[in-house]
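Q: quick one: sequence plus predicted model below, questions after.
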Amino acid sequence: MLEEYFKIIRQALSENRRKGNGVYYEAHHIVPKSFNKQSTTVLLLPEEHYECHRLLAEHFKNHLVYGKKMLWAFHRIAYNKGYKLSPEEYAKARQLLMSLWTRRQTREHREKIAQAQKGNTNNKSRVFKGMKSDMSEEGRKKLAEARRRDQTGKTGDQAKASKGWVVCEYVDGRRVEAGSALQLSYQIGISPATISNRLNAQPGTFIKGYKIYYKNTIL
């Protein structure tokens, strides 16, 4: 596993990658931060970042100290909304992470959960990080819908965190317009991070068959 891991790392280092050249990279600690060791970072493509965390999780999954840390790190990558898993990747991720979801809770852990659900000793209402709220399923859906409308329901200059209409234009002449980068992401299936990177670094430049720019920009 580690041989494959370092093969990806060495290849990335040999390319002397830099951010801001129109390619979206993610910074990755060569030695995981949870090891509490000094480590340099390397720029990886999203699919390389995913694979590196999968390999680390697979290699250390039974380690007494680092096992759960590596599994949770992979969990964050695998279920990141900005990355879409293929059916094969999804199946492998579920199989690898199953031990996190099926582990038996100790008596001490169960008692902590029970205490958290009751609130503190002063009987004051408290919200514990990581604990589920008593909100109904219907309430959660309404809250999620309200947040979605807040982020994407408006258009053009009225869209939240938007500088105006955003356009994705393909080499064959097709155009897709949206009120914000987030809206455009939903429509064309490209991550918001990639869209933002294009808008900031190389607006209006054809890369991989398409270009992205603000509608009112003079190109």
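A: Nice, I can see it. Because the structure is a prediction, the values reported are computed rather than measured.
Q: phi and psi next, for the nearest residue to Gly22 once chain neighbours are set aside.
A: Using C-beta to C-beta, 6 or more residues apart in numbering and skipping residues adjacent in sequence, the residue nearest Gly22 is Gln202, 4.4 Å away. Where you see a C-beta, it was placed from the backbone N, CA and C, and this is true even at glycine. Dihedral pair for Gln202: phi -140, psi 70, per degrees, to the nearest 10.
Q: Gln202 and Val23, how far apart?
A: Distance of Gln202 to Val23, computed by C-beta to C-beta, to the nearest Å: 10 Å.
Q: and this protein, what are its domains?
A: Here the domain assignment for the chain is 2-102, 156-214, based on automatic domain parsing.
Q: among those, which gets the worst mean confidence?
A: In terms of mean pLDDT, the lowest-scoring of these is domain 156-214 (a mean of 81).
Q: all helices for the protein, in order.
A: 2-14, 46-60, 67-78, 87-102, 107-118, 137-152, 181-188, 192-201 (DSSP state H).
Q: kindly reformat those helices as TSV containing mean neighbour count.
A: Below are the helices of the chain laid out as TSV (neighbours: other C-beta atoms under 10 Å):
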stretch	mean neighbour count
helix 2-14	13
helix 46-60	20
helix 67-78	18
helix 87-102	12
helix 107-118	11
helix 137-152	11
helix 181-188	19
helix 192-201	17
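Q: any idea which of those helices gets closest to Asn36?
A: Closest to Asn36 of the helices of the chain, according to C-beta to C-beta: helix 67-78, at 10.5 Å.
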